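>>> Sequence first, then the predicted structure:
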Amino acid sequence: MTHALSSAHLATAIPHLAATLGGPVLKAHPIDYVIMGVYLVFVIAIGVITGRGHQTSEDFFLSGRRIPAWITGLAFISANLGALEVLGMASQGYEYGMMTANFYWVGAIPAMVFLGIFMMPFYYGSKVRSVPEYLKKRYNEGTRFINALVFAASTPVLSGVSMYGMGLVFHDLLGWNLSACIWVSAAVVVAYTAMGGLTASIYNEVLQFFLIVLGILPMIFIGIKANGGWHHFVEVIQTTHPGYMDTWKGTATAAGNPMKIDWMGLVLGLGFVLSFAYWCTDFLVVQRALAAKDMNAARRTPLIAAIPKMFFPFIVILPGLLALPLIPGLIGGDAHPAHSYNNVMPLMMAKFYPTGLLGLGLTALLASFMSGMAGNITAFNTVFTYDIYGAYLVKDKSDRHYLWVGRIITILGVILSVGTAYWAGSDKSIMDFTQTIFGFVNAPLLAIFLMGMFSRRTTPWGGFWGLVVGVLAAVGLWACSHFQHTLFPHSDFLKFNSPQAGNFWRAFWAFACGSAATWLVSRVTAKKPREGMVGLVYQLTPKPPEDPALPFWKRPVFLGIVILLATAILNFLFW
Amino acid sequence: MIDLRLPVGIFFVLVGAILSVYGYFHPTLVQGYNVNLDWGLLIFIFGSLMTVFGILAQRRPAEPEPQPTDLPAAKP
C-alpha cells in the first residue's frame, strides 16, 4: 500500500512535526544525556570486570563455557535484536500490520525450538568451537573454508551497515554528527569486547534486553491510551486499514494481504527456510548457546529465549501499528526522515516521550545498536581466529597466542565495520544490497546442515558442492532480479509482488538448489567412515542422558512443547 | 565472576532514581500520567529486586565448577 501524499498534506497531518521540520525532530536535554552517559559507563565497566582472569582462548571466545542458561538465553535474543531490527520491525508494523508478527510466530519460535531440541546436542556435544568447525568435522576442510569466509566477510559488513544506518537515524532526528556517532560507538564496542570477550558481550546483551523492554513498554501503554483503549484501536484499524490486525486471514492469495504473499510462500520461504537457516546455523546466535555451562543449559538457551521472544511482536511491531492513527501519512522510499515510516519508532518517542523518558528510549536504541554490533564482532573474531587464522595462516601456536590474536582481530573487526559504514554512506544502494544478499546466503547452509545431521549417506563432497551451488544460486537469483530490466526486459520472470515476497522465495530456491546439489553429489562420491560421524549425525549418536533429578520444567522437550502450544494460541488469537 | 544481576540491578536503580526524582520536580503529564515519576519508580523497584537477588546469590557458597562430562549431582 502506498501513501501518495504531498508534503503539504503531511505537514497538516502531523501538526506536531510540522513545527519542527528543518530542525531536529527529537530534542534531547541534559537529563537525557545523563541517562545515556550512565549506560556508557556501565557498559565499559562490565567489559573491565569480565575481562579479568582470562586464561585460555576459550575463556575469551566462548566465556569458558560456564554461563547459566537464563543469561545465555536472554543474550540469544538480544544478539539478534540490533537497532535496525527494532526500527525495522516497527516500520514493517506500519507498512504491513500484524502480518509482520509471522517473523516471530511462524519463523523464529519453531526454529528456536528445533535448534534446542534436535540440533544443540550435536553443536554442544561435539565440542566444536564454531559453526565452521562443525562443518569441518562432518564434511571436509573445504566446506569449513567457504562457510568461514562467507561468515567472516558478512559480519563486519553487516555491523558496519547497521552502524551507518543507526548513525543516520541519530543524525537525522537528533542532529548529531554522523562521524562522531560512528567513531564513539566503535570505540565503546572495542573497549568492552577486546577486554571482556564473549562474556562482556553476553552480559551487555542481557542489560540491553531489559533496556529494550523497559524503554519501549511505556510507548505501548501510552499509545493504546491515546488510541482510546485497545478495543477502540482495533475497530479503528479494521475500518481504516482492513487486514492490518490479521496474520493469516488474507493469505489465501497474494493479493489479499498487505505483504502481498500467499500462505505457501510464508510457510516455505519465511517459516521454513529463512528462519531455520538464520536461527539454526548462524554462528552469531549459536555462539551464545555454546557458552552455556552444560549440555542441558545449552539446549535450554534457545528455548528460554523463545519465551520472551513470543511476546516481542507486542514490543517491537505494535508501536508501528499504534502509530497508524496517531501519526498518519508516513511514507517509505526517499521520504524526509520526519515523514518516513522507517523512523516510526523514534517518531513515536518524539510524540509521546517527555524529557527523561526520552533519554531512556534513546538509550534503549543505543544499547540495541551497540550490542548488535558487539554480537557481530565477537562472532567474527572467533570464526576468524579459529577457522581462518588458526586453521590456515598460523597453525599450531600456543593457546595464549590465539587469545592475543583474538583481541587484535576484535579491533580489526571494528575497524572493518567503520570502513563499511563510510562505504555504505557513499552509495545508497550498498545498504539494500548487503542486507538482501546476506539475508539469504544462509539458506543453502541450512540444506547441508539438515542433510548432514540427519542422514549419514550425505558425503563430504556432497556437503561441499551443496554449499557452493547454493551460495552461487543465492547470489545469482539476487543478481537476476536486481538487473531484471536489462537482462529480461520483456519478461515477468522472477518478478515478485513485494520485496518481502521476493526474499522469501529466493531463500527457498537457494535452499532447494543446495539440497539438490548435495543429494546428487552424494550419490557419486565416497561416504565418510561410520566412526568419523559419531557425535555429528543423529542416527549414530547416543541420546544425551536425561538426569532423573532434573525437574520436568527444566527438560528441553517439555519446554519445547509448551512454547509451541503457546505460539499456536497466539497465531489463533491474531488469526 | 560477578553475578550479572548486580550490575544490571544497580544500573536500573540509578536510572529509576534519576527518572523519578526528575519527574517529581518537573512533572510532565502524558495522557494524564506523570510518566517519568511512575515509570521511574517501576524501574527503581525492578532494579532493587535484581540487586537483592544478586547479593543473595553472591553470598551463597560458591558451587563447584560443573564438569561438562559429569552428570549434575543429585539434589539433596
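Thanks, I have the structure now. Residues are numbered from 1 along each chain as shown, chains lettered A, B, ... in the order given.
>>> CA atoms for contacts and neighbours, from now on please.
OK.
>>> What mean pLDDT does the longest helix belonging to chain B get?
Longest helix of chain B, by residue count under DSSP state H: helix B:35-59. The average pLDDT within helix B:35-59 is 90.
>>> ok, now stretch A:296-310?
For stretch A:296-310, the per-residue pLDDT averages 90.
>>> Say whether chain B is contacted by that stretch.
No. If you take CA under 8 Å from any CA of the partner chain as the test, stretch A:296-310 misses chain B, and the best it gets is 10.0 Å.
>>> For that stretch, list every residue counted as buried.
In terms of neighbour count (16 or more other CA atoms under 10 Å in any protein chain shown), stretch A:296-310 has its buried residues at A:296-307, A:309-310.
>>> Kindly report the same for stretch A:361-374.
Those would be A:361-374, for stretch A:361-374 by 16+ other CA under 10 Å.
>>> what's in contact with that stretch?
Applying CA atoms under 8 Å, 6 or more residues apart in numbering or on different chains, the contact partners of stretch A:361-374 are A:35-36, A:39, A:78-84, A:86, A:159, A:162-163, A:166, A:185, A:189, A:193, A:201, A:204-205, A:208, A:211-212, A:215-216, A:349.
>>> can you tell me which of the residues you listed are in helices?
A:35-36, A:39, A:78-80, A:83-84, A:86, A:159, A:162-163, A:166, A:185, A:189, A:193, A:201, A:204-205, A:208, A:211-212, A:215-216, A:349.
>>> Please compute how far the helix or strand containing A:V562 lies from its chain's middle.
Using DSSP states H and E, the element containing A:V562 is helix A:556-573. Helix A:556-573 has its C-alpha centroid displaced from the chain centroid by 22 Å (CA atoms, centre = their mean, to the nearest Å).
>>> Give the full set of residues in contact with the nearest residue to A:N376 once chain neighbours are set aside.
Once flanking residues are discounted, A:N376 sits nearest to A:T155: 5.4 Å by CA to CA, 6 or more residues apart in numbering or on different chains. A:T155 makes contact with A:N376, A:I377, A:A379, A:F380, according to CA under 8 Å, 6+ apart.
>>> so what's the third one up against?
Residues near A:A379 by CA under 8 Å, 6+ apart: A:T155, A:F283, A:L284, A:Q287.
>>> So which of those residues sit within helices?
Among those, DSSP H puts A:T155, A:F283, A:L284, A:Q287 in helices.
>>> Report how many residues lie close to residue 53.
No chain specified, so I'll use chain A. 11 (other CA atoms under 10 Å in any protein chain shown).
>>> that's the wrong chain, I wanted chain B
B:F53 has 16 nearby residues by other CA under 10 Å.
>>> Please give me every residue in contact with the closest residue to it other than its chain neighbours.
Leaving aside its sequence neighbours, B:F53 sits nearest to B:R5 (CA to CA, 6+ apart; 7.0 Å). Contacts for B:R5 (CA under 8 Å, 6+ apart) come out as B:M50, B:T51, B:F53, B:G54.
>>> List buried residues within these.
Buried among the contacts of B:R5 (16+ other CA under 10 Å): B:M50, B:T51, B:F53, B:G54.
>>> Distance-wise, check the third one relative to chain A.
When distance is defined by CA to the nearest CA, to the nearest Å, B:F53 is 14 Å away from chain A.
>>> what's the answer for the first one, then?
For B:M50, the distance to chain A equals 11 Å [CA to the nearest CA].
>>> One more: the second one?
Applying CA to the nearest CA, the value for B:T51 to chain A is 13 Å.
>>> what residue ranges in chain A score low on pLDDT?
A:1-23, A:250-256, A:259-260, A:428-440, A:484-500, A:544 (pLDDT under 70).
>>> residues in it within reach of chain B, list them.
A:35, A:38-39, A:42, A:46, A:49-50, A:66, A:203, A:207, A:214, A:218, A:222, A:225-226, A:293-295, A:352-354, A:356-357, A:547, A:549.
>>> Mind listing the residues bridging to the closest residue to A:G332 other than its chain neighbours?
Once flanking residues are discounted, A:G332 sits nearest to A:S340: 5.4 Å by CA to CA, 6+ apart. Under the criterion DSSP bridges, A:S340 forms beta bridges with A:I331.
>>> so what's A:S340 up against?
Contacts of A:S340 (CA under 8 Å, 6+ apart): A:L330, A:I331, A:G332, A:G333, A:D334.
>>> So what's the residue count around the last one?
As a burial measure, the neighbour count of A:D334 was computed by other CA under 10 Å and equals 8.
>>> That one: which element?
Going by DSSP H and E, A:D334 is not part of any helix or strand.
>>> how much space is there between it and chain B?
Note on A:D334: its distance to chain B, by CA to the nearest CA, is 32 Å.
>>> can you list contacts of stretch A:121-141?
Contacts for stretch A:121-141 (CA under 8 Å, 6+ apart): A:62, A:142-145, A:147-148, A:281-283, A:286-287, A:290, A:295, A:298-299, A:382-383, A:386-387, A:452, A:459-461, A:463-464, A:532-533, A:535-537, A:544.
>>> Which residues belonging to it are considered buried?
A:121-125, A:128-141.
>>> tell me the secondary structure for B:P27?
Counting by DSSP: H, G, I helix; E, B strand; the rest coil, the backbone at B:P27 sits in coil.
>>> For the closest residue to it other than its chain neighbours, list each beta-bridge partner.
The shortest distance from B:P27 to any residue other than its chain neighbours is 5.8 Å, reached at B:N34 (CA to CA, 6+ apart). Beta-bridge pairing for B:N34 (DSSP bridges): B:L29.
>>> Give me the neighbour count for B:N34.
B:N34: 18 neighbours (other CA under 10 Å).
>>> for it, what are its contacts?
Contacts here follow CA under 8 Å, 6+ apart; on that basis B:N34 touches B:G23, B:P27, B:T28.
>>> from what I can see the last one touches B:Y22, true?
Spelled out, it's B:T28. No. Using CA atoms under 8 Å, B:T28 makes no contact with B:Y22, being 9.9 Å away.
>>> what is in contact with those two at once?
B:N36.
>>> name the element the closest residue to A:T385 other than its chain neighbours belongs to?
Sequence neighbours aside, A:G406 is the residue nearest to A:T385 in space, at 6.0 Å (criterion: CA to CA, 6+ apart). In the assignment (DSSP H and E), A:G406 maps to helix A:399-426.
>>> what's the answer for A:L74, then?
helix A:69-80.
>>> contacting residues around that helix?
Here helix A:69-80 has contacts from A:202-203, A:205-206, A:208-209, A:284-286, A:288-289, A:291-293, A:297-298, A:300-306, A:309, A:368, A:371-372, A:375, using CA under 8 Å, 6+ apart.
>>> Please repeat the previous calculation with a cut-off of 7 Å.
A:202, A:205-206, A:208-209, A:285, A:288-289, A:292, A:297-298, A:300-302, A:304-305, A:371-372, A:375 (CA atoms under 7 Å, 6 or more residues apart in numbering or on different chains).
>>> Please consider this matter closed, and thank you.
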